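Q: Sequence and computational prediction follow.
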Amino acid sequence: MDKIILGLLMMRDMTGYEMRSRIKNHFSLMCSDSAGSLQAALQKLLTAGMITSEEYVENGVNKKMYSITDKGRSAFYDWEEQPMNHKKAKNMELAKLFFLGQVDKEKRAPLLNTYLEQITQEQQSLVKLKENIMQSIAPQLEQYTEDQWAMDRIQYQIATLDYGIAVFNFEIQWYRQFLKGMEEYEY
């Protein structure tokens, strides 16, 4: 989570609440959005001198604004410039499929159907999120064409969203096919 926090702070200074909201809405497939996880990561980054915080009061409410330091920028770029590692992309839920043959036969299809419903809902929420993002940035795209940094950032953020949608599309198709095979061959 610490790298995601650094990446968010590379875009702009944020409060813990803003970061948690962004993580919940955009990074739920990558990390937990729990307040405890966020606070632990923020404390780790503060202690390491990668971020700073400044407290202020807004409408009678105490708030804390976080900013990235030069050390944090350097750590972010060091991490980002390393090649992606496919071995780190783990799906522990796949282990449940592996061991599903050990579950009572009548429970298998309902368990898989529940999972299929969940991933279908998640896929639909990502599609809706992309639609909302595209609608919200459409008026600004002309302005962004003048700003290559903003265009690059948007391109890769949308690509990440497209990747998530494609993964869910594959899983949905795969599980539907598998469930159909279960019916035909009585797994």
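A: All right, it came through fine.

Q: what is the mean pLDDT for stretch 178-187?
A: Summarised as a single mean, pLDDT over stretch 178-187 is 80.

Q: List the contacts of it.
A: Identification of contacts with stretch 178-187 by C-beta atoms under 8 Å, 6 or more residues apart in numbering yields 101, 105, 108-109, 112-113, 116. All C-beta atoms are positioned from the backbone trio N, CA, C, and that covers glycine.

Q: Following the chain onward from whichever strand or helix holds residue 17, which element is next?
A: Per DSSP states H and E, residue 17 falls inside helix 16-26. Using DSSP H and E, the helix or strand that follows helix 16-26 in sequence is helix 35-47.

Q: got the angle between the helix or strand following that next one and helix 35-47?
A: Later in the chain than helix 35-47, the nearest helix or strand by DSSP H and E is strand 51-58. Calculated by axes from the mean of the first three to the mean of the last three C-alpha atoms, to 10 degrees, strand 51-58 forms an angle of 120 degrees with helix 35-47.

Q: elements contacting strand 51-58?
A: Where contact means 3 or more C-beta pairs under 8 Å, 6 or more residues apart in numbering; DSSP states H and E, strand 51-58 is packed against helix 2-11, helix 35-47, strand 61-68.

Q: export that strand as CSV, just CAs?
A: Extracted in CSV, the C-alpha atoms of strand 51-58 (Å, rounded to 0.1, in the frame of the first residue of the first chain):
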residue,chain,number,x,y,z
ILE,A,51,6.1,11.9,3.3
THR,A,52,5.3,14.8,5.6
SER,A,53,2.0,15.8,7.2
GLU,A,54,0.6,19.1,8.2
GLU,A,55,-2.4,19.5,10.5
TYR,A,56,-5.1,22.1,10.0
VAL,A,57,-8.7,22.9,11.0
GLU,A,58,-11.5,23.1,8.4
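
Q: So for it, mean pLDDT?
A: Here the average pLDDT along strand 51-58 is 95.

Q: what's near enough to touch the spatially most central residue of the chain?
A: Centroid-nearest residue in the chain: residue 27, 1.8 Å away (criterion: C-alpha atoms, centre = their mean). Contacts for residue 27 were tallied using C-beta under 8 Å, 6+ apart; they are 4, 33.
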